[in-house]
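Asker: Need a 3D model of the following:
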Amino acid sequence: MIVSGKAKRATEDPGALRKISDGAQQWLEKFKDKPVLGDTARDLCDMIDLVNDYAEGNYREIPKLFLAAIVTALIYVVSPIDLLPGFLDDVLVVGFIMDKGVGGELKKYREWKKNKI
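Answerer: Residues are numbered from 1 along each chain as shown. Below you'll find the predicted structure:
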């Protein structure tokens, strides 16, 4: 799985994780109603929540590689540089990491979150 060095370093720094998740949350608030995002908006929302819960020490049941992959995706999504115009590349990046195992980890997180309430 491809992860950025910045994402790897951020997994060790709760402040950096919060900063990345805050940026992703702001991005999502602006664009979540775009039809092209579809289920990706829900996945991004849950990824942001997972990163926040990890940063707060509430949820640690995710391998660092998958956490770093999520952080890499969040960094990419908020980046002003796009490989493809619009949101298509963001949707593809999120879909790619979901298919590479993050989907299973996100499912576990959703269950944890559901049972926590």
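Asker: Which residue is the nearest non-sequential neighbour of residue 43?
Answerer: What sits nearest to residue 43 in space, not counting adjacent residues and going by CB to CB, 6 or more residues apart in numbering, is residue 94, at 5.7 Å. C-beta: built from backbone N, CA, C; applies to glycine.
Asker: Tell me who's in contact with the one you found.
Answerer: Applying CB atoms under 8 Å, 6 or more residues apart in numbering, we find residue 94 in contact with 40, 43, 44, 47, 73, 77.
Asker: Okay, now the unreliable bits of the chain?
Answerer: 1-2, 117 (pLDDT under 70).
Asker: how about the helices in it?
Answerer: Assigned by DSSP state H, the chain shows helices spanning 5-10, 14-31, 39-55, 64-78, 88-97, 103-116.
Asker: quick one, which of those is packed in tightest?
Answerer: With neighbours defined as mean count of other CB atoms under 10 Å, the helices of the chain peak in mean count at helix 64-78, which reaches a mean of 22.
Asker: any idea how far that helix is from the chain center?
Answerer: Remark: helix 64-78 is offset 5 Å from the chain centroid, using CA atoms, centre = their mean, to the nearest Å.
Asker: And for stretch 60-70?
Answerer: 10 Å.
Asker: same question, stretch 86-105
Answerer: The chain centroid and the centroid of stretch 86-105 are separated by 9 Å, computed with CA atoms, centre = their mean.
Asker: Show the end-to-end separation of it, please.
Answerer: The straight-line separation of the ends of stretch 86-105 (CA to CA, to the nearest Å) is 27 Å.
Asker: do the same with stretch 72-85
Answerer: End-to-end distance of stretch 72-85: 19 Å, with CA to CA as the criterion.
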